[in-house]
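Participant: Need coordinates for the below:
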Amino acid sequence: MLEVFCRTCQSCICAICVLEEHRTHKTVSVQTERLSKQKQVSRTEQEIQTRIKQKDLYLNELQRKLNSVKAYADGERSEVDRLLDDVAQALERVRTLVVGGIDEQLHAVMSRGEELTQRLEAELSDLNRRRSELEAQATNQDHIRFLQSFDAAAPPADSAEDDDEQFSLQFQLSEVKSGLNQVRDQLSQIRMAPAQAPPREGRDSYGAIPAPVPLSEVAWSESMMSMRGSSTSLHSSSPSHRGSTASLRRSHWNLKDVKKNKAITGHKKAKVYMEDVALNPITAYPFLILSEDRKQVKRGEKLQFYRNSPQRFDVWSCVIAKEGYAAGRHYWEVFVGENKDWKVGVVSESAQRKGLFDMMPANGYHAIWWSGGQLRALTPPPLTKVKAPPKLRQVGVYLDHDVGQVSFFNAKRAPTSTASSTAWSSARGCSPCWARATRRCLWC
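Facilitator: Got it, this is the predicted structure:
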């Protein structure tokens, strides 16, 4: 009967074997080993459950991304089809006007030509008849008859208009042909730009994408997944600063190595550097609707037919502001209210905006993410959890460009967290970044 467990051999044995083959091994009762293994099972089960939640979160986000890609592609396809229909209709109208005009003039000229041909043939027949009569009269010996028929055989007066008749087509088509040549050349130059997928290096389910990039615009970006099925508005009020194009790079950002600097992270001191932000419609994701003063943005239910731009986000529901910071200290606040999903942070000017990508420092996005009642830093997976109050209504973001530090505050209380980067690659421009809200977000 197997009543003993040999930990050396990791097998169940009987009491006799304990005294023989396993006498020098470490053995315990099967009940004791069961309790030990049961603890390991609980830990393993908890670990698996945690990974299941993470994978579900990433899977849901991926599905929302794919849905957003499909919606955007459908909208772009519809717009291109509409434009092509407009071009085809315009070309058909030009064809009708120009070719129809040519045919109309040609028909008029040919009609006049046919009338003149018939008249000339009749006159020619009459002249031939008169010539025959004259030849007959010339041989007639009857002087009286000759004199009486002489006038009838004389040719009629020639029509003066015969020589003046003009048969030509009066076309003024030089400008038309020049314009059509230009249209043809422009159409022949249209190409579908190839998609540039970021390189993948040992990605987990959430991924890591390339290289740090410059910042020169204040940007609030919003995850479309976070905003799905809701209207969100963003309001800002505080002085405009225009930063030059700049480069801001971080080798990494790890909140586990956070260090607090009272001189920099003090909330009251940070608020001295309050900034105003006006959003840039050129960068807005096509579903976003901006207010006239460019201080609010909300997610619309329908695709807005904005002009395409290299600066515009086409998958993430993001919008970047016009202001940029090339140096110095800057602070802004975002009222997120009771939104259950949002992102706030700093983004680089040349960070990727087209296609799918992960918001992380390596891609130029330095932000925190509130979702599921938890606050996380958008670090390479796994995301770093950040301690935060259960009801975070207003977030302050403080940027010290020269030091290379981004700080996040619970704007109503004490700092939420302070994240210090290892280094900026150069003292140049950088920008704030916002993402997501199910209801309304206010810039303060």
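
Participant: Can you list the low-confidence ranges for the stretch 301-444 of the chain?
Facilitator: 413-444 (pLDDT under 70).

Participant: Please enumerate the helices of it.
Facilitator: Using DSSP state H, counting those that start in this stretch, no helices are found in the stretch 301-444 of the chain.

Participant: quick one, strands of it?
Facilitator: 319-321, 329-335, 341-347, 365-371, 374-377, 384-386, 394-400, 405-410, 415-420, 431-435, 440-443 (DSSP state E, counting those that start in this stretch).

Participant: Looking at those strands, which is nearest to Arg82?
Facilitator: Among these, strand 319-321 comes nearest to Arg82, with 24.7 Å by CB to CB. C-beta: built from backbone N, CA, C; applies to glycine.

Participant: right, so the strands of the stretch 301-444 of the chain: which one is the most enclosed?
Facilitator: Highest mean neighbour count of the strands of the stretch 301-444 of the chain: strand 431-435, a mean of 32 (counted as mean count of other CB atoms under 10 Å).

Participant: Can you convert the strands of the stretch 301-444 of the chain into a markdown table and add a column each for distance to Thr27?
Facilitator: Listed next are the strands of the stretch 301-444 of the chain as a markdown table, based on distance: least, CB to CB, whole Å:
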| stretch | distance to Thr27 |
| --- | --- |
| strand 319-321 | 67 |
| strand 329-335 | 63 |
| strand 341-347 | 54 |
| strand 365-371 | 50 |
| strand 374-377 | 45 |
| strand 384-386 | 42 |
| strand 394-400 | 59 |
| strand 405-410 | 55 |
| strand 415-420 | 51 |
| strand 431-435 | 58 |
| strand 440-443 | 64 |
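
Participant: Could you say which one of those comes nearest to Leu127?
Facilitator: Among the strands of the stretch 301-444 of the chain, strand 319-321 sits nearest to Leu127 (CB to CB), with 87.8 Å.

Participant: Give me the sheet partners of the closest one and which way each runs.
Facilitator: According to DSSP bridges, strand 319-321 forms sheet pairs with strand 219-220 (antiparallel), strand 279-280 (antiparallel).

Participant: Lowest average pLDDT across the ones you listed?
Facilitator: Comparing mean pLDDT across those, the weakest is strand 219-220, with a mean of 32.

Participant: what's the angle from the longest helix seen in the chain to strand 365-371?
Facilitator: If you go by DSSP state H, the chain has its longest helix at helix 30-138. Helix 30-138 runs at 110 degrees relative to strand 365-371, counting by axes from the mean of the first three to the mean of the last three CA atoms, to 10 degrees.

Participant: Can you spell out which helices and strands pack onto helix 30-138?
Facilitator: strand 2-6, helix 143-153, helix 174-188, helix 224-227 (3 or more CB pairs under 8 Å, 6 or more residues apart in numbering; DSSP states H and E).

Participant: And the average pLDDT for that helix is what?
Facilitator: The model assigns helix 30-138 a mean pLDDT of 87.

Participant: show me where pLDDT drops low in the stretch 151-300 of the chain?
Facilitator: 151-166, 191-265.

Participant: what about the nearest residue to Val109 once chain neighbours are set aside, how many neighbours?
Facilitator: Leaving aside its chain neighbours, Val109 sits nearest to Phe167 (5.7 Å; criterion: CB to CB, 6 or more residues apart in numbering). Phe167 has 9 neighbours, counted by other CB atoms under 10 Å.

Participant: middle-most residue in this protein, spatially?
Facilitator: Asp314 (1.9 Å; CA atoms, centre = their mean).

Participant: And the residue lying closest to that residue once chain neighbours are set aside, how far from Ile289?
Facilitator: Closest residue in space to Asp314, ignoring its immediate chain neighbours: Lys354 at 5.4 Å, by CB to CB, 6+ apart. As judged by CB to CB, to the nearest Å, Lys354 and Ile289 stand 21 Å apart.

Participant: The two: which is more packed in?
Facilitator: Neighbour totals were compared for Lys354 and Ile289, and Ile289 leads with 18 against 15 (other CB under 10 Å).

Participant: ok, that one to Trp370 distance?
Facilitator: 23 Å.

Participant: can you check Glu21 too?
Facilitator: Relative to Trp370, and taking CB to CB, Glu21 is found at 60 Å.

Participant: swap in Ala351?
Facilitator: From Ala351 to Trp370 the distance is 21 Å (CB to CB).

Participant: Hmm, Glu275 and Ala321 touching each other?
Facilitator: No: at 9.6 Å, Ala321 does not count as touching Glu275 under the criterion of CB atoms under 8 Å.

Participant: sorry, back to before: what's the closest of the strands of the stretch 301-444 of the chain to Met1?
Facilitator: strand 384-386 (49.7 Å).

Participant: Check which helices and strands the closest one sits against.
Facilitator: strand 374-377.

Participant: Using PDB, list the CA coordinates for the strand it packs on.
Facilitator: Extracted in PDB, the C-alpha atoms of strand 374-377 (Å, rounded to 0.1, in the frame of the first residue of the first chain):
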ATOM      1  CA  GLN A 374      -6.500  50.600 -11.600                       C
ATOM      2  CA  LEU A 375      -3.800  53.000 -12.600                       C
ATOM      3  CA  ARG A 376      -0.900  51.700 -14.700                       C
ATOM      4  CA  ALA A 377       2.200  53.200 -16.400                       C
END
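
Participant: strand partners of that strand, parallel vs antiparallel please.
Facilitator: Counting by DSSP bridges, strand 374-377 is paired with strand 365-371 (antiparallel), strand 384-386 (antiparallel).

Participant: starting at the chain centroid, how far to the longest one?
Facilitator: Spelled out, that is strand 365-371. 21 Å (CA atoms, centre = their mean, to the nearest Å).

Participant: all numbers from here: first residue = 638
Facilitator: I'll keep to 638 as the first residue from here, and by that count the last item is strand 1002-1008.

Participant: quick one: that strand to strand 1042-1047, angle?
Facilitator: Going by the same axes, to 10 degrees, strand 1002-1008 makes 20 degrees with strand 1042-1047.

Participant: Distance check, Ala708 against Ser1008.
Facilitator: 21 Å.

Participant: How about Val678?
Facilitator: Distance from Val678 to Ser1008, by CB to CB: 30 Å.

Participant: And Ser811, by the same measure?
Facilitator: 64 Å.

Participant: Hmm, Ala708 is touching Glu938, no?
Facilitator: No: with contacts counted by CB under 8 Å, Ala708 stays clear of Glu938, the gap being 11.0 Å.

Participant: Neighbour count: those two, which is higher?
Facilitator: When neighbours are counted by other CB under 10 Å, Ala708 and Glu938 differ, and Ala708 comes out ahead with 15 against 9.

Participant: Nearest residue to that one in space, please, no chain neighbours.
Facilitator: Using CB to CB, 6+ apart, the nearest residue to Ala708 is Leu940, at 7.5 Å.
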